[in-house]
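Colleague: sequence? don't have it. structure:
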């Protein structure tokens, strides 16, 4: 029986695609290589969003070849698409998949006849990611993704519904819908159709929410303007099924920087939509991405970003220093911000994030939140911890070791907020259910 090892770098879409390939190979007799066992085949799914992603991808491939010199190494993902020749020259690489649309052909070359119809999820059966869409129509000047993931496609609703049904039946209690541009789900279906017949993300959510079982749905990142009234109405009408958490991507709070980035929406429109989200949903969690040090970013422009983050009230900010990507329009932009300035701004943004997260956490004291219990081996048997519907971690006591087992959804009333080395932590008590 052939032995397989997979390594995934980057986003949840990459993780999903690796899982899909793994399941195809398992169907023809491959098994996961055990710890200390030499694999016959290594799959490396790479990332190229940042230069660090490129470097980690190269390091991973070299380490695999050093540790398992007899293994074949197949490399796929965004770095493989961006620079296939450089990847092919790395030691041990036997094949490079230049386009993710070739993944079914890759499985076919290994002898897989019946392609997987989705994935079966993780072994711990808590959270599962489901890819519903691929590709991006935007052309932000800093972003390499539209180049390395060309074309846009959405999966049929029926196929997604069937996959989520199977995941729920296997015990997964949270399903996260993910894509490269999630808010454009269905756009490719709608071409040439009257608006009354369009398929939208909200329609997909309604279908999934109607499935039987004890589970909840979460959306990954989305553009703020694509959090439409229709989508928000669906989320508001199904609070037992769709968590009140959205991740609209800000990137910068400065109108002038956003124009240089060639973002389609300005800061004011972004903040107006955040205000509408808060108006329509009950204390929603808003998380975001911010790029620090885009070429030409002045202190005044960065201050506008801080002000926008404060107004939006984000509970988490993913911070990224600008990294020029070869092949993107911003690669040759003048006005590079000095590294020490970027580092100082990253630190200030991090401090603001901590402040905003703590303020949002305090607003939840007294609320009862649904918590997905997760594995935390460092905790004593009398305590449990998991992720709340509003994305913040929650810890609570239990009376017996068999209570609130991993993978269960538990209602917890929040009593206080604590600061820890890892960030803000909500502390509460479990509410008994019938």
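Modeller: Noted; the coordinates are in hand. Bear in mind that the values here come from a model prediction, so they are computed numbers and not experimental data. Numbering: from 1, shown residues only.
Colleague: per-domain residue ranges of the chain.
Modeller: Per automatic domain parsing, the structural domains of the chain span 3-110, 127-287+298-305+322-332, 368-430.
Colleague: how far off centre is the shortest one?
Modeller: Relative to the mean C-alpha coordinate of its chain, domain 368-430 is positioned 22 Å out (C-alpha atoms, centre = their mean, to the nearest Å).
Colleague: check the second one too.
Modeller: Its chain's average C-alpha position is 10 Å from that of domain 127-287+298-305+322-332, according to C-alpha atoms, centre = their mean.
Colleague: just the terminal-to-terminal distance for it.
Modeller: 41 Å (C-alpha to C-alpha, to the nearest Å).
Colleague: cool, and the shortest one?
Modeller: For domain 368-430, the first-to-last residue distance is 9 Å (C-alpha to C-alpha).
Colleague: what's the average pLDDT for it?
Modeller: Predicted confidence along domain 368-430 averages 94 (mean pLDDT).
Colleague: okay, the domains of the chain in TSV with mean neighbour count and distance to residue 343 next?
Modeller: C-betas here are computed from N, CA, C, even on glycine. Compiled in TSV, those are given as follows (neighbours: other C-beta atoms under 10 Å; distance: least, C-beta to C-beta, whole Å):
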stretch	mean neighbour count	distance to residue 343
domain 3-110	18	15
domain 127-287+298-305+322-332	18	12
domain 368-430	16	20
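Colleague: so which of those domains gets nearest residue 341?
Modeller: domain 127-287+298-305+322-332 (8.5 Å; C-beta to C-beta).
Colleague: hmm, back to that, can you add distance to residue 360 and give the domains of the chain back as TSV?
Modeller: Conversion of the domains of the chain to TSV gives the following (distance: least, C-beta to C-beta, whole Å):
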stretch	distance to residue 360
domain 3-110	23
domain 127-287+298-305+322-332	7
domain 368-430	8
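Colleague: and residue 117, which of those domains is closest to it?
Modeller: domain 127-287+298-305+322-332 (6.9 Å).
Colleague: returning to that earlier point: closest one to residue 361 among the domains of the chain?
Modeller: Distance to residue 361, taken as C-beta to C-beta, is lowest for domain 368-430 among the domains of the chain, at 4.5 Å.
Colleague: show me where the stretch 101-250 of the chain has strands.
Modeller: 127-134, 153-154, 174-179, 216-219, 221-222, 245-248 (DSSP state E, counting those that start in this stretch).
Colleague: give me the contact list for the second one.
Modeller: Applying C-beta atoms under 8 Å, 6 or more residues apart in numbering, the external contacts of strand 153-154 come out as 132, 133, 134, 135, 184, 185, 186, 187, 188, 189, 199.
Colleague: go with 6 Å
Modeller: 133, 134, 185, 186, 188 (C-beta atoms under 6 Å, 6 or more residues apart in numbering).
Colleague: farthest-apart pair in those, please.
Modeller: With distance counted by C-beta to C-beta, no two of those lie farther apart than 134 and 186, which are 12.8 Å apart.
Colleague: shouldn't residue 333 be in contact with residue 295?
Modeller: Yes - distance between residue 333 and residue 295: 3.8 Å, which falls inside the contact criterion (C-beta atoms under 6 Å).
Colleague: looking at these two, which is more packed in?
Modeller: For residue 333 against residue 295, the residue with the higher neighbour count under other C-beta atoms under 10 Å is residue 295, and the figures read 19 against 16.
Colleague: quick one, what contacts the more buried one?
Modeller: With contact set as C-beta under 6 Å, 6+ apart, residue 295 has these partners: 333, 335, 336.
Colleague: elements contacting the strand or helix carrying residue 344?
Modeller: Mapping residue 344 onto the secondary structure by DSSP states H and E places it in helix 339-363. Packed against helix 339-363 by the contact rule (3 or more C-beta pairs under 6 Å, 6 or more residues apart in numbering; DSSP states H and E) you find strand 285-292, helix 299-312, strand 316-321, strand 423-430.
Colleague: export these to a markdown table and tack on distance to residue 86?
Modeller: Rendered in a markdown table, the data for the helices and strands packed on helix 339-363 read as follows (distance: least, C-beta to C-beta, whole Å):
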| stretch | distance to residue 86 |
| --- | --- |
| strand 285-292 | 25 |
| helix 299-312 | 34 |
| strand 316-321 | 23 |
| strand 423-430 | 37 |
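Colleague: which one of those lies closest to residue 170?
Modeller: Using C-beta to C-beta, these put strand 423-430 closest to residue 170, at 24.9 Å.
Colleague: give me the residues contacting that closest one.
Modeller: Applying C-beta under 6 Å, 6+ apart, the set of residues contacting strand 423-430 from outside is 357-358, 361, 392-396, 410, 412-416, 418.
Colleague: and it, which strands flank it?
Modeller: As defined by DSSP bridges, the strand partners of strand 423-430 come to strand 393-397 (parallel), strand 409-420 (antiparallel).
Colleague: quick one, it and strand 316-321 angle?
Modeller: 160 degrees (axes from the mean of the first three to the mean of the last three C-alpha atoms, to 10 degrees).
Colleague: run the angle between strand 423-430 and helix 339-363 for me.
Modeller: Using the same axes, to 10 degrees, strand 423-430 lies at 20 degrees relative to helix 339-363.
Colleague: low-scoring stretches of the chain, by residue?
Modeller: 123-125, 434 (pLDDT under 70).
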